[in-house]
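1. need the 3D shape of this:
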Amino acid sequence: MGYSSDLTDKEWEIVEPLLPTKKKTRPPLWTKRQILDGVFYQLKNGCNWADLPKDFPPYSTVFWHYKHWCQEGILDNIMTNLHGRVREQVKKNHSGRP
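-> Numbering: from 1, shown residues only. Just a heads-up that it's a prediction; the model follows:
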């Protein structure tokens, strides 16, 4: 059983290509989806990073990725992309006019 902030499979299909690919090093212990679900949990609930439930990756890992993705503009890119998709669904152009 997940959390209400977790991405659905359909949402993950949209977001996954927008995340950076990992350089070829050792295999990660946690998936990007698990990390992003941890980020969304913290943002939705407003808890301290250290108070993330134990079924998420360690809070230091989740926070590191959050900080890195913010600095690199990745989270802004995801929001811009999702905003454009929503506007397209309601048949509005990017300027906000019908």
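2. CA atoms for contacts and neighbours, from now on please.
-> Noted.
3. helices and strands around the helix of greatest length in the chain, which ones?
-> In the chain, with assignment by DSSP state H, the single longest helix is helix 74-89. With contacts taken as 3 or more C-alpha pairs under 8 Å, 6 or more residues apart in numbering; DSSP states H and E, helix 74-89 sits against no other helix or strand.
4. from the centroid of the protein, which residue is nearest?
-> Ranked by distance to the mean C-alpha position of the chain (C-alpha atoms, centre = their mean), the top residue is residue 36 at 4.0 Å.
5. average pLDDT for the helix or strand hosting residue 42?
-> Using DSSP states H and E, residue 42 sits within helix 32-45. The pLDDT scores in helix 32-45 average 96.
6. packing partners of it?
-> Under the contact definition 3+ C-alpha pairs under 8 Å, 6+ apart, helix 32-45 sits against helix 59-71.
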